[in-house]
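**Q** here is a sequence with its predicted model. Questions after.
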Amino acid sequence: MISRFIARLKEEFHGYNGAALAKDTVAGITVVAVSLPLALAFGVSSGGDAAAGLISAILAGLVISGLSGASYQIAGPTGTMTAILMVVAARHSVQGVFIVTLLAGVVMLLAGILRFGKLITLIPLPVISGFTSGIALIIALGQLDNFFGVASQGTTVLQKLASYFTDGFSPAWQAVLLGVFVIAIMLLWPAKWNRRVPSSLVGIVLATALSMVLQFDVATVGAIPRTLLPQARLDLAAVEWSTVLQTYLSPAISCAALIAIESLLCGASASRMKNESFDPDQQLVAQGVGNIIIPFFGGVPAASALARTSVAIKSGSRTRMTGIISALGLVAVMFLLGDLMAKLPLAALAGVLIVSALRMNDWENIRYIFRKRFKAAIAAYLITMICTIVFDLNVAILTGVAFAALVFIYRQARLSISVTEFDSEDDRLDATVVTVDGVLFFANVETLKRELAGVKMCERLVLSMRGVASIDLGGAQALNELLDFYKERGTAVFICGAQHIVREMLHRTDTLDLLPDACFYPTVDQALSVHKPSQGE
């Protein structure tokens, strides 16, 4: 893995010159404009503060971008982990968030070393869309306190919503005005302008100016420390190691899974944009190392995100130096504009997060499956989304994948069997052709037995298996039983059109011992013609 990474770096920086550095610098500065409001907002929503989000974006740019599995990955705090981290923070304070970040980093590092990167392809797209929509809804609902300027009770989104009705609800209209103002700007800002000046940045700058000029009494971000080592950071001496795994392992695994999914999907999408190869295992290693380091500096989890990455590519990014330059740009912002950022209204950041949550949804795929009425895909999407909101991400992903797997097994179990009998006196041919289409496995062997049980006895039985893509042990054993049955009754069985993988399994299960010496034929016609009696017989 190390040698492959070094070879990738050599190829990436081959012929690197001042012109390429200039392009990376411009792209990096552009990424700063996009990353800054997102980092501040997701730092707050992830259980930390704005400074935690800023530090995460800085370290992610330096470490994750530097070690990533492609030249274009730009990482930082995202909304994907918010659903998990807001609960952890409510129950265990920000130190719990730091521990979860560390453990998630370890899980991802091990996954990368063990080459688990391609396992992401085993999660169906409707399941990914479902929990993404669930997370988006949790993010939006989780920002209602900041948006309305109120304080609810509870650790989960549903508990907080319930407290609005039980404890009363008195919105601060100045906060609501700022939140609506930011949402309106982000939704109405022309797309062609957004490429140069991000709407989120415009929204929070104008909202902050409006709040300062009109002297609104609203909650703000608060002091931004001019240091990369704030007081609030992971303290290993204060960790109760005896209960760490019991308390934090489950949310850490969920967090690691979400970071991996988001980062690998981002890498796959961006690789098509830039027409460049992507190493998913190296990306997991980069995410792991980055998230192991981040909590020691007081940051929250970070993942590679398409919002940042696509901006970098469209801005002319050449190498991973773009991510590093964007990190240095954020350091400059921290030291030069810290006092101004401290005055950002939380309601304005809530507006940014609500729009970001809206845009998180894979609307194109969602509209497609509903428009085309793919019932199984719609069910998988809705089940995963509901489980994400009501339970947690572990339950949601496992339930969604299990449902999709059951649907797949059910569909594969549909075996198509047709029977053609030849008994004309002219041909003097007493034969039956049984055509089997589908995957022959444990779930449909009873269908095969039932259909063949209805076939009348004849001298020759030809099994056309051209349409059988594969066969498992259960299918082969069922076939053996049927061959035994016909052999005892004097019927010769021949197989035609069997694919290589099917023949391999028949060899391994000794099925051939129950067949005549010349039992395989390319086509049904050849099998019938070879064993057709002559006119003189």
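**A** Nice, I can see it.
**Q** burial count for residue 373?
**A** Here the count is done by other Cβ atoms under 10 Å, and residue 373 has 8 residues near it. C-betas here are computed from N, CA, C, even on glycine.
**Q** whoops, I mixed them up, residue 507
**A** By other Cβ under 10 Å, neighbour count at residue 507 equals 11.
**Q** measure it to residue 76 for me?
**A** According to Cβ to Cβ, to the nearest Å, residue 507 and residue 76 sit 54 Å apart.
**Q** for residue 201, same thing?
**A** Counting by Cβ to Cβ - residue 201 and residue 76 are separated by 14 Å.
**Q** of the two, who's got more company?
**A** The neighbour comparison of residue 201 against residue 76 (other Cβ under 10 Å) goes to residue 76, with 34 against 20.
**Q** isn't the more buried one right up against residue 63?
**A** No - taking contacts as Cβ atoms under 8 Å, residue 76 lies outside contact range of residue 63: 11.5 Å.
**Q** just the helices in the stretch 1-150 of the chain please.
**A** Ranges of helices in the stretch 1-150 of the chain, per DSSP state H, counting those that start in this stretch, are 2-12, 18-45, 50-59, 65-67, 82-113, 125-142, 144-148.
**Q** the third one to helix 18-45, inter-axis angle?
**A** Pointing back at helix 50-59 there. 150 degrees (axes from the mean of the first three to the mean of the last three Cα atoms, to 10 degrees).
**Q** and helix 50-59, average pLDDT?
**A** Mean pLDDT, helix 50-59: 94.
**Q** what do you get for the last one?
**A** The predicted model assigns helix 144-148 a mean pLDDT of 90.
**Q** equivalent analysis for the second one, please.
**A** Per-residue confidence for helix 18-45 averages out to 90 on the pLDDT scale.
**Q** now do the buried residues in it.
**A** Within helix 18-45, the residues scored as buried using 16 or more other Cβ atoms under 10 Å are 20, 23-25, 27-28, 30-45.
**Q** quick one, what contacts residue 144?
**A** Residues in contact with residue 144, defined by Cβ atoms under 8 Å, 6 or more residues apart in numbering, are 150, 152, 160, 161, 164, 350.
**Q** what does residue 180 give?
**A** Residues near residue 180 by Cβ under 8 Å, 6+ apart: residue 351.
**Q** could you say which helix or strand contains residue 418?
**A** strand 416-422 (DSSP states H and E).
**Q** now do that strand: distance to the chain's middle.
**A** Chain-centre distance of strand 416-422: 44 Å, with Cα atoms, centre = their mean, to the nearest Å.
**Q** which neighbours in the sheet does that strand have, and how are they oriented?
**A** Strand 416-422 has the following strand partners under DSSP bridges: strand 431-440 (antiparallel).
**Q** what residues sit buried inside the partner strand?
**A** 431, 432, 433, 434, 435, 436, 437, 438, 439, 440.
**Q** what are the contacting residues of that strand?
**A** Contacts for strand 431-440 (Cβ under 8 Å, 6+ apart): 412, 414-422, 444, 448, 451-452, 455-456, 458-465, 467-472, 475, 478-479, 502, 524, 528, 531.
**Q** list the helices and strands the helix or strand following it packs on?
**A** Note on strand 431-440: by DSSP H and E, the next helix or strand toward the C-terminus is helix 445-453. When contacts are defined as 3 or more Cβ pairs under 8 Å, 6 or more residues apart in numbering; DSSP states H and E, helix 445-453 packs onto strand 416-422, strand 431-440, helix 473-488.
**Q** what pLDDT, on average, does helix 445-453 get?
**A** Throughout helix 445-453, pLDDT has a mean value of 86.
**Q** just the angle between it and strand 431-440, please?
**A** For helix 445-453 against strand 431-440, the angle by the same axes, to 10 degrees is 170 degrees.
**Q** would you map the helices across the stretch 301-450 of the chain?
**A** Ranges of helices in the stretch 301-450 of the chain, per DSSP H, counting those that start in this stretch, are 306-314, 321-336, 338-341, 346-360, 363-371, 375-390, 393-412, 445-453.
**Q** noted, bye for now.
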